[in-house]
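J.: The amino acid sequence is not available; the structure is as follows:
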C-alpha cells in the first residue's frame, strides 16, 4: 500500500473522528483524532496496516493535555503520529495495552509523570518514580514545582 | 562470614519468589527482575524500574537546544552517541533540514564505532555469565582498541560530544584516518578468532540454542526492536527502512536470524560487528569534503521526530519547540524500553540457571534498565546476582562434562 | 587508625557500588580489571562481596529510589573502617543532574566520602591514579 493509499483509507474509515491531518513531509504525518477513536485507529494501523507501535508521548500544554501515539510503517518509510487532545484537569482515555502489549509500560509512565488516567489498564501502578514520591504530583506537568524541602540544589561552593 | 540473607531454603515445595541481582558480581545494586519459581522452573516474572531515573526529559526543558545534546548523551553510557544522533535529527526535523554531506559520514563513523564497542561489551559480559572468563577478558581487551580509535577521532573514549543540531561539532583530522584504519583492520583477526570460538563451540550450541526463544509473533506483539527482534526473523533496521546519514551511501547488510533464541541473538550481534567495521572503513576512506555544520541560528515553532538504529535497537526522540531557545517537550524512548518487557515471554517456562543469560540477551542497556535478586515470597533473599551468575556458569560446566569435553 | 586498618591497607579489597547512573563510570571501572589496566598490579584486590570491602568505589547520582538503599548498605553491610571514593561527576555533586527532580542530594550528604575522582567518565588511568594516591596518603598517615 502506498503512502497516499494509507492516508486515503484512514480518511475514509475514520472520517467522523478525524480532526486534522497534517502531511508534514514525505516521512511524517500527524493525524489528530477524537480521543474515543484512538483505540480503533491504533488497532487499524497496528493490526491491518502492520505498523509498529513506536511509543507515546504525553505533552502538557496551557490549554489541554495531549498524547501523541507514534506508529512506523516500515514498508513505506512513514511515521504516523496520532494526536489526541484531552481535558487538562482530568485527562482520561481508554487504554491501548489490550490491543498492543508494547503500550503497557508507556501508559504507566504517562500516568505517573503527567497524571493521565488510562481506563482499563491492567496495572496502572508506578513504573519509574519511587514509592516515597507524593501522590498527585506529576513532574512533567508545566506547573510542577519543587516540593522537597530537603533537596540540595547548590554546589556548596 | 557470608550473608545471613543468602540462606537457601532447600526443599521448598510450591512457589518461591526470586529477584535477579547485579549484572556484575562485583557490584551491589537494587533489584529489577523478580521471578517466581516452582522448583527449578521460572513461572512468573515482575519488573521494577526507576533506579536510574534522573528526570532527563524534564531537565531538557530547562536547557537550550544545544545544551540538551550534552544531557542526552548521558542517558546511557554504552549507547551514548545514539541519543544525540536521534535528538539532533529530531531538531533538524522540526526545522526541516538535513545535515551536510561530510557531517553525514562523520556521524555514521561515530555511530558505528559505538556499535562495535557496544556489541563487544555485550559479548564479553555474556561470556562471563556463561563461565567463559577468557572470552570476557579477550573481548574487553579488544574493545580497548576500538575505544582508542574513538579517542583518536573524537577526543574521548566515551561521551564523544560529536553531535549538534545541524551537523557535527568537530571535524575528523585527516592525518588520523590512516592510523584509525590500520587499528580497525588490526581487530579483524581477533574478531575472526572470537567468532569461530563462540559460534562453533558445541557447548555453547547446547547451552544457548532453544533457550529463551522469542517468537516472531511475540517480537511483533511487544514491538521489540534491534537485534532482539532481528534474531526472531523480523527484518527491520532503521538504517535500511528509513536511510539517513551515510547508511545508503556505503554497502552493508542487515543481519537477521530466525530462531529467536539466545544463540540467534549472539549470532546477530557478532555478525553485525563485521558490517559495522565495513561501514566505518568505507566511510573513513570515502569521507567527502565540505562543511560539517549547517550553523543553525534558531528553531522555529513546530514538532519533530528523530530516530536512529542504536546498538540495542531504534532510539526515538520527539521534540516540540515554541520558537524559544528551549525544547518545550522532549520525549526520549530508549530501545530497551520496548525490549525488556519481552522477558515476560522469554524467561517464563525456562530454568533458573538460564534466567540471567536470557535476561542479558536483550542487552538491557545496563542502565536504560537495571538489576536483579532472588527472594522468598516473604521477602527473604534466597540468591544474590552473583549466585545466579554462578548457577549459570555451573550449568555450562555441567553441560561440558555431559558432552565429555 | 588501629592496627586493623593498617593491615588492610597493605592489600585493600575494592568493591564497586553504583547508585544509579548512565553506567559509563561503571564500565570504566570494570575496564580497570581488564588486562590493559589491571588494577591488581597496584595491590588492589576485588572483593567478592561488599561485606569485605576496604575501599568502596561509588558511582551514580543517588536518585530517590537508591538513596535509602545506599544508606542502609553503608550502615549495615559495609565493615568499618572503609574508605569511600566517589567516581565521576554524578557521584561528586550530581553534575548536570543537580536540578533533577529525582536526584535531591549529593552522595556526600548520604555517606561520608574520602576522595573524589572527577570526570565524565574519568578514564581508567585517572581512576587508578586517584585510588593509588588515596591509598598512599592513608598509608602515610597511618
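T.: Received it, and whenever you're ready, just let me know what you need. Here the structure is a predicted model, which is why all the values come from computation and not from measurement.
J.: Bridge partners for residue B:309, pull those for me.
T.: Counting by DSSP bridges, residue B:309 is bridged to residue B:314.
J.: Can you show me the strands along the chain?
T.: The chain I'm using is chain A. For chain A, applying DSSP state E gives strands covering A:18-25, A:28-33, A:52-60, A:65-73, A:78-86, A:92-94, A:117-119.
J.: think we crossed wires, I meant chain B
T.: Under the criterion DSSP E, chain B contains strands at B:15-20, B:27-28, B:33-38, B:41-47, B:163-164, B:167-168, B:302-310, B:313-321, B:327-333, B:374-375, B:381-383.
J.: worst average pLDDT in those?
T.: Least confident of these, judged by mean pLDDT, is strand B:27-28 with a mean of 45.
J.: related to what we said a few turns ago, can you tell me which of the strands of chain B is packed in deepest?
T.: strand B:313-321 (a mean of 28; mean count of other C-beta atoms under 10 Å in any protein chain shown). Quick note: C-beta positions are derived from backbone N, CA and C, even for glycine.
J.: which residues sit in contact with residue 71?
T.: Assuming you mean chain A. A:42, A:45, A:46, A:51, A:52, A:53, A:54, A:79, A:80, A:81, A:82 (C-beta atoms under 8 Å, 6 or more residues apart in numbering or on different chains).
J.: looking at chain B here, not the other one
T.: By C-beta under 8 Å, 6+ apart, the contact list for residue B:71 reads B:56, B:59, B:60, B:63, C:96.
J.: Report pLDDT for it.
T.: Residue B:71 carries a pLDDT value of 93.
J.: Would you check how far apart it and residue A:14 are?
T.: 38 Å (C-beta to C-beta, to the nearest Å).
J.: most distant residue from the middle of chain C?
T.: The C-alpha centroid of chain C is most remote from residue C:101, which lies 24.2 Å away (C-alpha atoms, centre = their mean).
J.: Name the member of the contacts of residue B:71 with the most neighbours.
T.: Among the contacts of residue B:71, residue B:60 has the most neighbours (other C-beta atoms under 10 Å in any protein chain shown), with 25 neighbours.
J.: Grab the nearest non-local neighbour of that residue.
T.: residue B:330 (4.0 Å; C-beta to C-beta, 6 or more residues apart in numbering or on different chains).
J.: check contacts around that neighbour.
T.: So residue B:330 contacts B:57, B:60, B:61, B:68, B:87, B:317, B:318, B:319, B:320 (C-beta under 8 Å, 6+ apart).
J.: Kindly provide the distance from the closest residue to the fourth one other than its chain neighbours to residue C:122.
T.: Going back to what we said before, that points to residue B:68. In space, and not counting its chain neighbours, residue B:68 is closest to residue B:60: 4.7 Å by C-beta to C-beta, 6+ apart. Plainly put, residue B:60 is 25 Å away from residue C:122 if you go by C-beta to C-beta.
J.: Any stretches of chain B with poor pLDDT?
T.: Filtered on pLDDT under 70, chain B yields the residue ranges B:1-32, B:365-386.
J.: ok, the closest residue to chain C within chain A to residue B:67 distance?
T.: For chain A, the residue closest to chain C is residue A:151, as judged by C-beta to the nearest C-beta, at 3.9 Å. For residue A:151, the distance to residue B:67 equals 22 Å [C-beta to C-beta].
J.: next one: residue C:23
T.: For residue C:23 relative to residue B:67 (C-beta to C-beta), the value is 22 Å.
J.: quick one, which of the two is more surrounded?
T.: Under the neighbour definition other C-beta under 10 Å, residue C:23 and residue B:67 were set side by side, and residue C:23 has more, 27 against 15.
J.: Show the backbone phi and psi for the more buried one.
T.: Backbone torsions for residue C:23, taken as degrees, to the nearest 10, come to phi 80, psi 0.
J.: Now the most centrally placed residue in chain B: closest residue in space that isn't a chain neighbour?
T.: The residue lying closest to the centre of chain B (C-alpha atoms, centre = their mean) is residue B:312, at 3.7 Å. Residue nearest to residue B:312 in three dimensions, not counting chain neighbours: residue B:335, with 4.1 Å by C-beta to C-beta, 6+ apart.
J.: ok, the one you found touching residue B:313?
T.: Yes: if you go by C-beta atoms under 8 Å, residue B:335 and residue B:313 touch, sitting 3.2 Å apart.
J.: which neighbours do those two share?
T.: Shared contacts of residue B:335 and residue B:313 (C-beta under 8 Å, 6+ apart): B:225, B:226.
J.: burial of the residue of chain C found nearest chain B, as a residue count?
T.: In chain C, the residue that lies nearest chain B is residue C:24 (2.9 Å; C-beta to the nearest C-beta). By the criterion of other C-beta under 10 Å, residue C:24 has 26 neighbours.
J.: Enumerate every residue touching it.
T.: Applying C-beta under 8 Å, 6+ apart, we find residue C:24 in contact with B:74, B:77, B:78, B:80, B:158, B:159, C:88, C:120, C:121.
J.: Residues of chain A that sit close to chain C?
T.: Counting by C-beta under 8 Å from any C-beta of the partner chain, the residues of chain A close to chain C are A:129-130, A:132-133, A:139, A:144, A:146, A:148, A:150-153, A:155-156.
J.: For PyMOL, what selects the buried ones among those?
T.: Buried residues within the residues of chain A next to chain C, by 16 or more other C-beta atoms under 10 Å in any protein chain shown, are selected in PyMOL with:
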select buried, chain A and resi 129+130+133+139
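J.: any chance of the residues of chain A next to chain C in TSV, plus pLDDT and distance to residue B:197?
T.: Shown next, in TSV, are those (pLDDT from 0 to 100; distance: C-beta to C-beta, whole Å):
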residue	pLDDT	distance to residue B:197
A:129	91	44
A:130	90	44
A:132	90	48
A:133	94	48
A:139	95	48
A:144	95	53
A:146	94	54
A:148	93	52
A:150	92	53
A:151	93	51
A:152	92	50
A:153	91	52
A:155	76	49
A:156	68	51
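J.: so the residue nearest to the centre of chain B makes contact with residue B:230?
T.: No: the pair residue B:312 and residue B:230 fails to qualify as a contact (C-beta under 8 Å) at a distance of 11.3 Å.
J.: Which residue, other than its chain neighbours, is closest to the residue in the stretch 151-300 of chain B that chain A sits nearest to?
T.: Nearest residue of the stretch 151-300 of chain B to chain A: residue B:223, at 3.2 Å (C-beta to the nearest C-beta). Nearest residue to residue B:223, sequence neighbours excluded (C-beta to C-beta, 6+ apart): residue A:102, at 3.2 Å.
J.: separation between that neighbour and residue C:119?
T.: Taking C-beta to C-beta as the measure, residue A:102 falls 37 Å from residue C:119.
J.: what's the answer for residue B:307, then?
T.: 31 Å.
J.: How many neighbouring residues does the closest residue to chain C within the stretch 1-150 of chain B have?
T.: Nearest to chain C in the stretch 1-150 of chain B, going by C-beta to the nearest C-beta, is residue B:77, at a distance of 2.9 Å. Neighbourhood size, residue B:77 [other C-beta under 10 Å]: 27.
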